[in-house]
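J.: structure of the sequence below:
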Amino acid sequence: MAKIRVQETDVTVVRIKDNDYISLTDIAKYKSEEPSIVVANWMRNRNTIEYLGIWESLYNPDFKPIEFDRFKKEAGLNAFTLSPSKWIDATSAIGIITKSGRYGGTFAHKDIAFKFASWISVEFELYIVKEFQRLKEQEQDQLGWSAKRELSKINYHIHTDAVKHNLIPDELTPQQISIVYANEADVLNVALFGVTARQWRDANSDLKGNIRDYATINELICLSNMENINAVFINEGMIQKDRLLKLNQIAIQQMRILQEVENRKLLK
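T.: Numbers count the residues shown, from 1 in each chain. Next comes the predicted model:
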């Protein structure tokens with residue numbers, strides 16, 4: 001569940017079976033304090049019923065066209081009414097759903113929700129489309145960050161394995177071993193971020209997690225590469241001081257290249 005802010009109105013977006021559904025109830029609140037009546041008035045419109053029927057025919061193999069035809073014929077009559085639950089029960093529709101409870105209401109697939117928003121207000125529709133696109137871009141950025149973070153964690157095992165087999169004598173105590181691992185992790189931290197893990201924590205005591213949890217996607221890509229490279233350096237017997245200098249040079253070069261690639265994408 002997520003929320004977008006559209007012209008001082010909070011609109012809920014939920015993910016159902018890999019599809020985005022937007023709250024018609026929230027959209028209707030932009031127009032009235034009785035959103036259920038607004039939704040019902042929209043659904044009794046003949047153009048709305050035709051749109052819903054065509055959408056269901058395209059995307060719902062279990063849709064019942066006979067019931068749809070009956071609603072379409074009755075649309076426009078003074079006594080005709082249609083609620084979301086009545087539409088769903090009669091036609092086995094999937095484009096509109098109803099949810100009960102604290103976060104309940106009427107939700108619709110984004111295609112249908114945008115159609116409803118345009119009926120409410122053309123201006124509101126433009127703003128909700130814009131905010132929805134912004135939400136999707138944020139989700140993609142977060143997905144990319146999570147993927148890079150997981151890759152960095154995987155490569156960290158390659159790094160710690162090199163430390164274990166080359167830098168930890170058998171006679172060290174568990175506490176001494178943890179210090180060796182921390183020192184080698186800080187080689188990467190200093191080379192890329194310019195500070196040790198402790199220095200970062202001291203400077204950011206109000207934040208949870210560690211320095212890598214707040215890294216950018218580019219920094220995580222660079223960190224992942226450096227973990228592999230440092231593992232190679234360790235296996236080759238290079239001393240820590242030389243490794244730090246070399247890794248810092250590599251970090252500067254890779255971050256510059258990654259930034260140039262990002263800038264070219266923004267210019268397209």
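
J.: what's the least confident helix or strand in the protein, going by average pLDDT?
T.: Lowest by mean pLDDT, DSSP states H and E among the helices and strands of the chain is helix 122-167, with a mean of 73.

J.: give the next helix or strand downstream of that helix.
T.: helix 174-193 (DSSP states H and E).

J.: and that next one, what's buried?
T.: 180, 184-193 (16 or more other CB atoms under 10 Å). The C-beta positions use only the backbone N, C-alpha and C, and glycine is treated the same way.

J.: I'd say residue 2 and residue 12 touch.
T.: Yes: when contacts are counted by CB atoms under 8 Å, residue 2 is listed as touching residue 12 (7.5 Å).

J.: more neighbours, these two?
T.: More neighbours surround residue 12 than the other of residue 2 and residue 12, with 18 against 14 (other CB atoms under 10 Å).

J.: that one pairs with what?
T.: Per DSSP bridges, the residues bridged to residue 12 are residue 3.

J.: quick one: contacts for it?
T.: Counting by CB atoms under 8 Å, 6 or more residues apart in numbering, residue 12 makes contact with 1-3, 22-23, 26, 103, 105, 107.

J.: same deal with residue 103?
T.: Going by CB under 8 Å, 6+ apart, residue 103 touches 1, 12.

J.: now swap in residue 243 and tell me
T.: So residue 243 contacts 187, 230, 233-234 (CB under 8 Å, 6+ apart).

J.: ok, now residue 19?
T.: Applying CB under 8 Å, 6+ apart to residue 19 gives the contacts 109-110.

J.: and it, what pLDDT?
T.: In the prediction, the pLDDT value recorded for residue 19 is 88.

J.: what's opposite it in the beta bridge?
T.: Bridge pairing for residue 19 - DSSP bridges - gives residue 16.

J.: returning to that earlier point: of the contacts of residue 12, buried ones?
T.: For the contacts of residue 12, a burial check counting by 16+ other CB under 10 Å picks out 22-23, 26, 105, 107.

J.: what stretches of the protein score poorly on pLDDT?
T.: The model of the chain has pLDDT under 70 over residues 141-160, 162-163, 165-172, 264-268.

J.: the spatially most central residue of it and residue 18: what is the separation?
T.: Centroid check for the chain by CA atoms, centre = their mean gives residue 139 as the closest residue, at 2.2 Å. Distance of residue 139 to residue 18, given as CB to CB, to the nearest Å: 13 Å.

J.: are we agreed that residue 82 is in a helix?
T.: No: assessed with DSSP: H, G, I helix; E, B strand; the rest coil, residue 82 is coil; it does not lie in a helix.

J.: thought it was touching residue 44?
T.: Yes: using CB under 8 Å, residue 82 makes contact with residue 44 at a distance of 5.0 Å.

J.: who's more crowded, these two?
T.: It is residue 82, of residue 82 and residue 44, that has more neighbours when counted by other CB under 10 Å, with 21 against 17.

J.: what sits against that one?
T.: Contacts of residue 82 by CB under 8 Å, 6+ apart are 40, 43-44, 49, 71, 75.

J.: which one of those is nearest to residue 262?
T.: Closest to residue 262 out of the contacts of residue 82 is residue 43 (45.6 Å), distances taken as CB to CB.

J.: that closest one is in contact with residue 84, isn't it?
T.: Yes: judged on CB under 8 Å, residue 43 makes contact with residue 84 at a distance of 6.8 Å.

J.: can you put the contacts of residue 82 in JSON lines and add distance to residue 249 and secondary structure?
T.: Shown next, in JSON lines, are those (distance: CB to CB, whole Å; DSSP: H, G, I helix; E, B strand; the rest coil):
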{"residue": "40", "distance to residue 249": "67", "secondary structure": "helix"}
{"residue": "43", "distance to residue 249": "65", "secondary structure": "helix"}
{"residue": "44", "distance to residue 249": "70", "secondary structure": "coil"}
{"residue": "49", "distance to residue 249": "67", "secondary structure": "helix"}
{"residue": "71", "distance to residue 249": "70", "secondary structure": "helix"}
{"residue": "75", "distance to residue 249": "71", "secondary structure": "coil"}
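
J.: among the residues you listed, which ones are buried?
T.: The neighbour-count test (16+ other CB under 10 Å) marks 40, 43-44, 49, 71, 75 as buried among the contacts of residue 82.
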